[in-house]
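Enquirer: please find the sequence and the predicted model below.
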Amino acid sequence: MALDQNINTLEKEKFLETSNSETAVRVAIAAGEGSVTGEFTPSGLKIAGRILVVQINETTWTALPSTALENRNAISIINRSGVQIKINYSASIVGYIGVPIDNGSERFYDISDSIVVYGKSQSGTVDLIIEELA
């Protein structure tokens, strides 16, 4: 389908007409002049999903979960514990330092099974809901 000639000029710049008169979205490739390199992996549920309850405390950083779902590509950390928690990427961090997840909140990450996320509560021992997708 040929581009409508009545489309305003700026709007028309978003599209291009292919050699066989089809309309396509114009894409700019910053590096590589026409090629894209790197590793591309889809996220979301393709293989399996798993939901766990993981208990954390205010003293030690606990892996969320202790063993990641094989081929994981996404995780959701759900905090309905009644207290704030924090997450971090190292169990050796001293203190209560990390990304806060308030009570009643959750965080979503596109993340592989090789990356460990740790959690610590602001006070007491609490349960978190962890959902993983592979």
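Expert: Done, it's in.
Enquirer: could you pull out the helices for this protein?
Expert: 9-12 (DSSP state H).
Enquirer: show me where this protein dips below the pLDDT cut-off.
Expert: Residues of the chain meeting the criterion pLDDT under 70: 1-13, 27-36, 40-42.
Enquirer: ok, what's across the strand from S121?
Expert: S121 has these beta-bridge partners by DSSP bridges: I85.
Enquirer: just checking, it touches T59?
Expert: No. Contact criterion C-beta atoms under 8 Å: S121 and T59 do not qualify, at 9.0 Å. The C-beta positions use only the backbone N, C-alpha and C, and glycine is treated the same way.
Enquirer: what about the two, which has more around it?
Expert: S121 (23 against 9; other C-beta atoms under 10 Å).
Enquirer: for the more buried one, give me its contacts.
Expert: Residues near S121 by C-beta atoms under 8 Å, 6 or more residues apart in numbering: I56, N57, E58, S81, V83, Q84, I85.
Enquirer: ok, residues contacting stretch 44-52?
Expert: Here stretch 44-52 has contacts from P65, L69, N71, N73, A74, I129, I130, E131, E132, L133, A134, using C-beta under 8 Å, 6+ apart.
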